[in-house]
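Undergrad: could you look at this predicted model? Sequence included:
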Amino acid sequence: MIPAELRTLRAQIDATIASLEEKIVHLQAQRQYVDEQLAAAVYPIQNLPREMISEIFLRYGCDELYGQPNSPLVLASVCSQWREVALGTHGLWTHFNSAPGRLLGVMRNPEGVANRLQTYISRSGTLPLDLRIHMLDSGEPSHEEIFRLLMECSARWRRLDIAPFGPVALPADIQGPFPHLVHFSLDSVLLETPIPPLLDAPNLVHLDVTEVELGTEWRLSLPWRQLTTLKVFQMDVFQCLEMMDHTPNLEQLHFACDNADETIYPARVLPHLHKLSLGPTTAHEILPHLTLPKLGELEIDTISIEKWASYFEDLITRSGCTLQKLEFFVTDLDEVYEAENLFSAIPTVRHLTINCPRLSTAAFAELFDAFSADPPVLPALESLEIKRCETRIELPPLGRLLTNRHQIEGEELLQVVDLASFKLLFRQEDDDFLPEEGDDKVNLYEKSDEMKGELGLLRELRNEGLDIEIRSDFMWFDECIDWKIVRGFLLP
């Protein structure tokens, strides 16, 4: 390339650079304008009074079901303003869980638990505390520090849950009073940790114990007579009955055990108990030893035991009670048949909840047909809730159930109470309900022409006053309404 051509090329390059520099200056000016606008912008959250932000934090951070683990620490690390609000909101630091879904973290770093506990205690001011403490071994220095911190704030305990996973010896010199303590839980699976002395707790009404060691002086450890809720797990019938001798004011009892006990004990009368919850396996063996004149609500973990119906029939006859609320689990067709026997034993039930994990489509049809038979089961039923459904539901059996249990103008109703509410809660993802190729079963998500009549029937029932709710139920995220269900029949 000759010099003249090089000079021409150099001039072109210089012109391009100048043009780019001009564009850069223009872009820099634009950026400065945008930065100024951003600096002047006021976000809605920044306009809220600090009291309102604090209330939002409390509702978010202290929710036991949906609250984010360690939410106070998270909120305090977002920005300086939020940190100031979080540190000034003492109520945000009143709920402490040493292992919120991460028990391995406690095993690997027990010192961190003590440090976090110290932080929560100091930042919660003088407010009552809800504490859940997981422990591994009393020999750990960090656990001695945890015990020391617990003792320092014992007058502020409102709820104390202790779950030892190693040989833990609770301090023998625990001193009251415990003026705020309402709920105490000791979960000592395989360890039989003794109940600590909490006698000076005037507001203690709720006790949870799992495989605890009663010892010789357990009667002097707690104010038993004032307890209204007792949950006993992995302890035998005799131990539970002994506790009942000292808890005449119980209103709720939850019992589960694995050890069979056919010994005949004198019946215990609990005149105020209105709710009874029984776990799986041999929990039913406590029923012959109870007389519950005020029993109105019953929860059963499983009904796979053939004698369930006779046990409850005897209990109701002996107690003279009127059972109105029932909740239980069914997982297969045989348990559906057992449920029908159970319904015959307790015809006074008005509100029924059935948890149906793994129950098949055919088993659901059998269950629904039991309610639409003549004579129908549970003639006093006013509300029916089906939870944890994991399969497809055929509309015709469901339609027969609802039309036979809810009065439509001009139609004759079976000799039953008018069903006022029906809920069907699915648990799995939408894709799990897609029909397989060649499958002639139809579920609620399909909107085929053949189903228009059935869906119209559901709409008519809803318009006639029946409260129908059918939705997906994602318990670990939120409660969202499935758009397919909405388009299927909730909308006109």
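TA: Looks like it arrived, so ask away.
Undergrad: C-alpha only now, for contacts and for neighbours.
TA: Noted.
Undergrad: where along the stretch 201-350 of the chain do the helices fall?
TA: 237-244, 308-319, 333-345 (DSSP state H, counting those that start in this stretch).
Undergrad: tell me which of those helices sits nearest to residue 402.
TA: helix 333-345 (17.7 Å; Cα to Cα).
Undergrad: just checking, residue 272 touches residue 229?
TA: No. Between residue 272 and residue 229 there is no contact, the gap being 10.9 Å when judged by Cα atoms under 8 Å.
Undergrad: who has more neighbours out of those two?
TA: Comparing residue 272 with residue 229 by other Cα atoms under 10 Å, the one with more neighbours is residue 229, at 20 against 16.
Undergrad: hang on, the earlier thing: so what sits against both of residue 272 and residue 229?
TA: Listed contacts common to residue 272 and residue 229 are 250, 251; contacts here mean Cα atoms under 8 Å, 6 or more residues apart in numbering.
Undergrad: about what we covered before: now render the helices of the stretch 201-350 of the chain as a markdown table, adding mean neighbour count.
TA: Converted to a markdown table, the helices of the stretch 201-350 of the chain look like this (neighbours: other Cα atoms under 10 Å):
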| stretch | mean neighbour count |
| --- | --- |
| helix 237-244 | 17 |
| helix 308-319 | 17 |
| helix 333-345 | 18 |
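Undergrad: what's the closest of those helices to residue 211?
TA: Here helix 237-244 is closest among the helices of the stretch 201-350 of the chain (Cα to Cα), at 10.3 Å.
Undergrad: what does the closest one rub up against?
TA: 224, 232, 257, 261, 268, 270, 285, 286.
Undergrad: tell me which of those residues has the lowest pLDDT.
TA: Note: of the contacts of helix 237-244, the lowest pLDDT belongs to residue 261, at 69.
Undergrad: wait, a strand at residue 352?
TA: Yes. Counting by DSSP: H, G, I helix; E, B strand; the rest coil, residue 352 is found in a strand.
Undergrad: show me the contacts for it.
TA: Shown in contact with residue 352 (Cα under 8 Å, 6+ apart): 325, 326, 327, 381, 383, 384, 385.
Undergrad: any idea how far residue 256 is from it?
TA: Separation of residue 352 from residue 256 (Cα to Cα, to the nearest Å) stands at 22 Å.
Undergrad: closest to residue 371 out of the helices of the stretch 201-350 of the chain?
TA: Closest to residue 371 of those is helix 333-345 (Cα to Cα; 9.3 Å).
Undergrad: for that closest one, the averaged confidence score.
TA: The model assigns helix 333-345 a mean pLDDT of 88.
Undergrad: which neighbouring elements make contact with it?
TA: Applying 3 or more Cα pairs under 8 Å, 6 or more residues apart in numbering; DSSP states H and E, we find helix 333-345 packed against helix 308-319, helix 361-372.
Undergrad: between the ones you listed, which one is nearest to residue 245?
TA: Distance to residue 245, taken as Cα to Cα, is lowest for helix 308-319 among the helices and strands packed on helix 333-345, at 17.4 Å.
Undergrad: any idea of the angle the closest one forms with helix 333-345?
TA: 20 degrees (axes from the mean of the first three to the mean of the last three Cα atoms, to 10 degrees).
Undergrad: which residues touch helix 308-319?
TA: With contacts defined as Cα under 8 Å, 6+ apart, helix 308-319 is touched by 284, 287-288, 290-293, 322-323, 338, 341-346.
Undergrad: go again using 10 Å as the cut-off
TA: Contacts to helix 308-319, defined as Cα atoms under 10 Å, 6 or more residues apart in numbering, come from residues 269-271, 284-295, 300, 302-303, 307, 320-323, 338-346.
Undergrad: buried ones among those residues?
TA: The neighbour-count test (16 or more other Cα atoms under 10 Å) applied to these identifies 269-271, 284-295, 300, 302-303, 321-323, 338-343, 345-346 as buried.
Undergrad: which secondary structure element is home to residue 120?
TA: helix 110-123 (DSSP states H and E).
Undergrad: what is that helix packed up against?
TA: With contacts taken as 3 or more Cα pairs under 10 Å, 6 or more residues apart in numbering; DSSP states H and E, helix 110-123 sits against helix 71-75, helix 80-88, strand 95-97, helix 103-108, strand 129-135, helix 141-152.
Undergrad: repeat that with 7 Å
TA: When contacts are defined as 3 or more Cα pairs under 7 Å, 6 or more residues apart in numbering; DSSP states H and E, helix 110-123 packs onto helix 141-152.
Undergrad: just checking, next helix/strand downstream of the helix it packs on?
TA: Next along the chain after helix 141-152, taking DSSP H and E as the criterion, comes strand 157-164.
Undergrad: sheet-wise, list the partners of that next one with their directions.
TA: strand 129-135 (parallel), strand 183-187 (parallel) (DSSP bridges).
Undergrad: I'd like those as a markdown table, with distance to residue 419 appended.
TA: Formatted as a markdown table, the strands paired with strand 157-164 follow (distance: least, Cα to Cα, whole Å):
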| stretch | distance to residue 419 |
| --- | --- |
| strand 129-135 | 41 |
| strand 183-187 | 37 |
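Undergrad: circling back: among the helices and strands packed on helix 333-345, which comes closest to residue 332?
TA: The closest of these to residue 332 is helix 361-372. By Cα to Cα, the value is 6.7 Å.
Undergrad: now the next helix or strand after that closest one: buried residues?
TA: Using DSSP H and E, the helix or strand that follows helix 361-372 in sequence is strand 383-389. By 16+ other Cα under 10 Å, the buried positions in strand 383-389 come out as 383, 384, 385, 386, 387, 388, 389.
Undergrad: out of the contacts of helix 237-244, flag the one nearest to residue 143.
TA: Using Cα to Cα, the contacts of helix 237-244 come closest to residue 143 at residue 232, 26.1 Å.
Undergrad: wait, that closest one touches residue 208, no?
TA: Yes. The pair residue 232 / residue 208 is scored as a contact, 6.2 Å apart, by Cα atoms under 7 Å.
Undergrad: more neighbours: the two, which one.
TA: The neighbour count for residue 232 versus residue 208, taken as other Cα under 10 Å, is higher for residue 232 (24 against 17).
Undergrad: list the contacts for the more buried one?
TA: 208, 209, 210, 240, 254, 255, 256 (Cα atoms under 7 Å, 6 or more residues apart in numbering).
Undergrad: ok, residue 257 next?
TA: 233, 234, 235, 236, 282, 283.
Undergrad: re the thing from before, could I get the helices and strands packed on helix 333-345 as JSON lines with mean pLDDT and distance to residue 126?
TA: Putting the helices and strands packed on helix 333-345 into JSON lines (pLDDT from 0 to 100; distance: least, Cα to Cα, whole Å) gives the following:
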{"stretch": "helix 308-319", "mean pLDDT": "89", "distance to residue 126": "46"}
{"stretch": "helix 361-372", "mean pLDDT": "90", "distance to residue 126": "53"}
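Undergrad: got these as JSON lines, with distance to residue 460 columns?
TA: What follows is the helices and strands packed on helix 333-345, written out as JSON lines (distance: least, Cα to Cα, whole Å):
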{"stretch": "helix 308-319", "distance to residue 460": "36"}
{"stretch": "helix 361-372", "distance to residue 460": "18"}
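Undergrad: strands of the stretch 351-492 of the chain, start to end?
TA: With DSSP state E, counting those that start in this stretch, the ranges of strands along the stretch 351-492 of the chain come out as 351-355, 383-389, 421-426, 467-472.
Undergrad: figure out which of these is closest to residue 23.
TA: strand 467-472 (54.5 Å).
Undergrad: strands paired with the closest one, and their directions?
TA: Applying DSSP bridges, strand 467-472 is found paired with strand 421-426 (parallel).
Undergrad: quick one: average pLDDT of the strand it pairs with?
TA: Rounded mean pLDDT across strand 421-426 is 88.
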